[in-house]
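>>> All I have is the shape, not the residue letters:
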């Protein structure tokens, strides 16, 4: 489903060039649950942003469903993200003065879906993540785990084949984090492709494959033999 060929990403910080990704080859198959891990500053989040079409590589090629996406214009990339990829971030990225329901329906508003349909679909998504009783609560009325569940509901509202999560348990206690990972497992069982960036070992152990990144390079891969 996703193939990266010799991906490189260089940033300019003043007059200094920073090589965040220094040549990564990677293939992720449809329906896989993959974790990308590595120390702080290793380039793992940069790689995820490239895989999710949030950023463009400086060099190299990125294919999604055998179509090269690195050369698409901004509007075409936005369409790919909206239809094919759901995002979950460490900081939740929720609108603070909007209800859980409104936060979840946002992607449908951008897609031009009618109000009645998008509200119905948003309610179903929140029910799926166990928050049917929190539809009209704002983020400051929710726990960290509940906020992240709202973010997951928003990520799946368009039923995207791919879900990308960047440190999704980073701001949660162990119990809430475990609940999010169990939710990811359920989504994986339903056929979604999951790519999770994490530095937490207990999260990575639930994936099928662990990709270790260090200094912008793929250091090694592990296959998890799940029972």
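That came in fine, so what should we check first? Model, not experiment: these values are computed from the prediction. Residues are numbered from 1 along each chain as shown.
>>> Please enumerate the strands of the protein.
Ranges of strands in the chain, per DSSP state E, are 2-13, 16-28, 33-37, 59-64, 67-68, 85-89, 162-166, 193-197, 209-214, 217-223.
>>> Which residue ranges of the chain form helices?
Under the criterion DSSP state H, the chain contains helices at 44-51, 74-84, 100-110, 115-128, 144-156, 174-189, 201-204.
>>> Select, out of those helices, the one closest to residue 195.
helix 44-51 (6.3 Å; C-beta to C-beta). Glycine gets a C-beta too; all of them are placed from N, C-alpha and C.
>>> What is that closest one packed up against?
strand 2-13, strand 16-28, strand 33-37, strand 162-166, strand 193-197 (3 or more C-beta pairs under 8 Å, 6 or more residues apart in numbering; DSSP states H and E).
>>> From the chain's centroid, how far away is that helix?
Distance, stretch centre to chain centre, for helix 44-51: 10 Å (C-alpha atoms, centre = their mean, to the nearest Å).
>>> what's around residue 31, how many residues?
For residue 31, the neighbour count with other C-beta atoms under 10 Å is 15.
>>> ok, back up a step: let's have the strands of the chain in a markdown table, adding mean pLDDT, distance to residue 112 and mean neighbour count.
Written out in a markdown table, the entries for the strands of the chain read as follows (pLDDT from 0 to 100; distance: least, C-beta to C-beta, whole Å; neighbours: other C-beta atoms under 10 Å):
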| stretch | mean pLDDT | distance to residue 112 | mean neighbour count |
| --- | --- | --- | --- |
| strand 2-13 | 93 | 27 | 16 |
| strand 16-28 | 93 | 30 | 16 |
| strand 33-37 | 95 | 32 | 23 |
| strand 59-64 | 93 | 23 | 17 |
| strand 67-68 | 89 | 23 | 11 |
| strand 85-89 | 93 | 18 | 22 |
| strand 162-166 | 95 | 22 | 24 |
| strand 193-197 | 95 | 26 | 25 |
| strand 209-214 | 94 | 36 | 19 |
| strand 217-223 | 91 | 39 | 13 |
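>>> Sounds good, over and out.
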